[in-house]
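Participant: 3D model of this:
(chains A and B)
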Amino acid sequence: MTPAVQIPIEKWTGKVREITLGATAADGGTRAKTVTVGGENTLPFLSFEGSIPHSPAVALEIQDHYPNDWSPLLKEYWGDLLRDPAAWARKAEEVGADIIVLKLISAHPEGDNTDAAHAAATVKAVLGATGLPLVVLGPGQADKDNEVLVAVAEAAKGERLALGNCEDKNYRTVVAAALAHGHLVVAKTPIDVNLAKQLNILITDMRLDLDRVLMDPTTGALGYGLEYSYSVMERLRIAALTGDSMTQQPLICTVGEEAWRAKESKVNTGVPAAWGDWKKRGIHWEVLTASTQLLAGANIVVLRHPDSVARIKQTIASLMAE
Amino acid sequence: MALSGLDIYKLLPKTNCKECGQPTCLAFAMKLAQKQAELSACPYVSEQSKAALAAASAPPIRLVAIGTGEKKVEVGNETVLFRHEKTFFHAPGIFVRLKDTLPAAEADALVEQLHNYGVERVGIKLHVHGVAIENASGDAAQFAARVAAMQGKTDLPLMLMAAGAAAMEAGLEKAAGAAPLIYSATAENWVEMAALASKYKAPLVVRAQGDLSALANLTEQIKAAGVEDMVLDPGVRTSHGTLVVLTQLRRLALKGGVRALGYPIVTFPGEDAESVEEEITRAAQHIAKYAGIIVLDHFEPANVYPLLTLRQNIYTDPQKPIQVSPGLYEISGPQPESPVLVTTNFSLTYFSVAGEVEGSGKPTWLLIVDSEGMSVLTGWAAGKFDAAKIAKSVNQFGVPGKINHKKLVIPGLVAGLSGELEEELPGWEIRVGPREAIDIPTYLKTWS
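Facilitator: Predicted structure coming up:
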């Protein structure tokens, strides 16, 4: 007989910061519920050697302009809701999202170039339609991001929105707006541990507490760079647990945006027969991108298709169930 | 644990006889540590030292082969817990279960489908890796008949699943010489199963329900009985439980030095799943976190293709992204008046772009710049895909001699390079192409 096997236990010294999105009336907002993520002091789902106080959360992405370039599979499901962000948000809540991510795409200078007042009105309408916490992202062009996010921050004062994306070009204005009106920020960097840390340091220098910063390390879709973001996230999470303060932000991953851009999910013409049924393949593409990022430490996965929401919620539940 | 040169030196004769071709025993030891020499070069090393060195150089997770010939599946020999620490080496084999209760015609059709399934991705052929035949009928003759029916239909490696040794042997007789994976040896039947594994020179799954100490005991007993090639089934089926136990097994083998658990692991993602979809999500978990063989209960291209893609992603060496050779590629027979598109030599970039250009039917020159395997944006950010480098490639690969115009299309993601590039390539017109490969056919339609 050999001696009994001793199960090795990792003793980590650090933990992920706990961050709450949204504020109820008691805290100066209007949300029906809030969502708290982070707080774990162990690797994803390994609860035998640490505690994981909060399950990862699932968000659905909506936009304030009809998404012309989206996959027909997404257009088919959402239909006319794609033309009405408030109705879209209400439906997203109904199908099980924990958080709504609203992208103010219409403000893009190369698109409709809508103004700050339009952005503020859209956010108000969405806040009125759903009781869920909100992440609000600008159009992705630094000047317009600044313009619309400042107006949004003011119009939704006290709601504890997460405003993004904060990138190295425009973090100052976004962080200042969050500071002034009680919001959080999303700090986005391109698949790199050091750039992620550096942006967190810059944000801290502006005196925004790190329990108000979510980190978006940039997601690679299945088949399109997933392995890069997977490994950067694992490195960030190990650094966080080892005690590196500038890596201890909860991770938010824009899974739907990346996964539905892949040819496999976007189209079905001229593709090999071995790719199989389009609808099943498309959902798998989003689900497997999300589930793999969850194993690497994602705290919030942002999806686009409700079928994926149901599947990822089940995946999270069974990974959390001891 | 790998030994240092000095550790090895202590085991050598220390006579500096030079017969190994090295000036001293110490120099020979250093070469051995760097795996630049073979111990057999030393005529005087003792048997004792040989055994000690062999034990120390054995990998912490044994490499196990299932099947024979070109399609054999090799799993194990992993050295890290996280792929960024080095890389994962042996991607899991995806097997599909076939019960011997399935009517022969359906079973044959499934085998044919599995055998023929294949799809290319970034220049690499993806396929299913094996068939797991289960003795669900409980009847040895029926099991043997199903194994025999595989002959001539497929050379995919087999896994044979039977509870009793008699049925197992009936199956093994029909797969003699094919080194199928035997499932499984337990505390109750290991003596008979180990004897079969030895007799038929086949690898053996060892199963103990949820108790790693019992599992380690069992593998030690089986090893003492002469079976070296083992695969573990820790008996856990839930999603959380599998993640935990597979992580513990990998840690025990790599960091705990527990040789008795240093074997690849087999998983069954469908056994605790409520739906086929859930089975696929769990199989994906097992690909990222530590399975060696994954047995699916269902086969469908739409389910398997995403899993094979994930398997390819996770097992790509992080230090060596898949690359193609830089150069000027001809697609659909380009002429002097055909367009020239430029992009990077990251494999995924190349195959996405080349695939779309080919699909468009438009004869096109595709200039591939050496970005050291980086994608367009990453290469641009790292200075590996800039105006100077593109201009150099245009001349290096003789583009001006092949065309009768001076128009170059750059990826939309690096539109900002066009000004600089016009300076680097005087007289050329730099055009900005689409940001995504998928939009190339539309773009090429309007190109003139």
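Participant: Other residues contacting the top helix by length along chain B?
Facilitator: The helix spanning the most residues in chain B, taking DSSP state H as the definition, is helix B:239-254. The contact list for helix B:239-254 (C-beta atoms under 8 Å, 6 or more residues apart in numbering or on different chains) reads A:5, A:7-8, A:45-48, A:295, A:315, A:318-322, B:60-61, B:78-81, B:210, B:212, B:232, B:234, B:236, B:258-259, B:261-263, B:265, B:267, B:272, B:282, B:285-286, B:289-291. All C-beta atoms are positioned from the backbone trio N, CA, C, and that covers glycine.
Participant: ok, 7 Å please
Facilitator: Residues outside helix B:239-254 that contact it (C-beta atoms under 7 Å, 6 or more residues apart in numbering or on different chains): A:5, A:7-8, A:45-46, A:48, A:318-322, B:60-61, B:79, B:81, B:212, B:232, B:234, B:236, B:258, B:261-262, B:265, B:267, B:282, B:285-286, B:289-291.
Participant: Grab the most central residue of the chain for me.
Facilitator: I went with chain A, as the question did not name one. By C-alpha atoms, centre = their mean, the mean C-alpha position of chain A lies nearest to residue A:252, the distance being 3.7 Å.
Participant: think we crossed wires, I meant chain B
Facilitator: Among the residues of chain B, the one closest to the centroid is residue B:91, at 2.9 Å (C-alpha atoms, centre = their mean).
Participant: what about that residue, which helix or strand?
Facilitator: Secondary-structure element containing residue B:91, defined by DSSP states H and E: none, the residue being outside all helices and strands.
Participant: Check the gap between the nearest residue to residue B:38 once chain neighbours are set aside and residue B:6 for me.
Facilitator: In space, not counting the residues next to it along the chain, residue B:38 is nearest to residue B:32; the distance is 8.0 Å by C-beta to C-beta, 6 or more residues apart in numbering or on different chains. Between residue B:32 and residue B:6 the computed distance is 11 Å (C-beta to C-beta, to the nearest Å).
Participant: The two - which one has more neighbours?
Facilitator: Summary of the neighbour comparison: residue B:32 and residue B:6, criterion other C-beta atoms under 10 Å in any protein chain shown, with residue B:32 having more neighbours (24 against 11).
Participant: How about the secondary structure of that one?
Facilitator: Secondary structure state of residue B:32, per DSSP: H, G, I helix; E, B strand; the rest coil, is helix.
Participant: separation between it and chain A?
Facilitator: As judged by C-beta to the nearest C-beta, to the nearest Å, residue B:32 and chain A stand 30 Å apart.
Participant: wait, doesn't that residue sit right on residue B:8?
Facilitator: Yes - here residue B:32 lies in contact with residue B:8, judged by C-beta atoms under 7 Å, at a distance of 5.1 Å.
Participant: Please enumerate the shared neighbours of the two.
Facilitator: Looking at what touches both residue B:32 and residue B:8 (by C-beta under 7 Å, 6+ apart), there is no common residue.
Participant: where in the chain is pLDDT low?
Facilitator: Assuming you mean chain A. Judged against pLDDT under 70, the low-scoring parts of chain A cover residues A:1-3.
Participant: wrong one, I was asking about chain B
Facilitator: For chain B, the stretches with pLDDT under 70 are B:1-2.
Participant: burial measure for the closest residue to residue B:157 other than its chain neighbours, as a count.
Facilitator: Leaving out its chain neighbours, the residue that sits closest to residue B:157 by C-beta to C-beta, 6+ apart is residue B:67, at 2.6 Å. Burial of residue B:67 is recorded as 24 neighbouring residues (other C-beta under 10 Å).
Participant: isn't residue B:67 right up against residue B:181?
Facilitator: No - contact between residue B:67 and residue B:181 fails when scored by C-beta under 7 Å: they sit 8.2 Å apart.
Participant: pull the longest helix from chain A.
Facilitator: When chain A is parsed with DSSP H, its longest helix is helix A:278-296.
Participant: what helices or strands is that one leaning on?
Facilitator: For helix A:278-296, the packing partners by 3 or more C-beta pairs under 7 Å, 6 or more residues apart in numbering or on different chains; DSSP states H and E come out as helix A:226-242, helix A:255-259, helix A:263-266, strand A:298-303, helix A:306-320, helix B:276-288, helix B:301-314.
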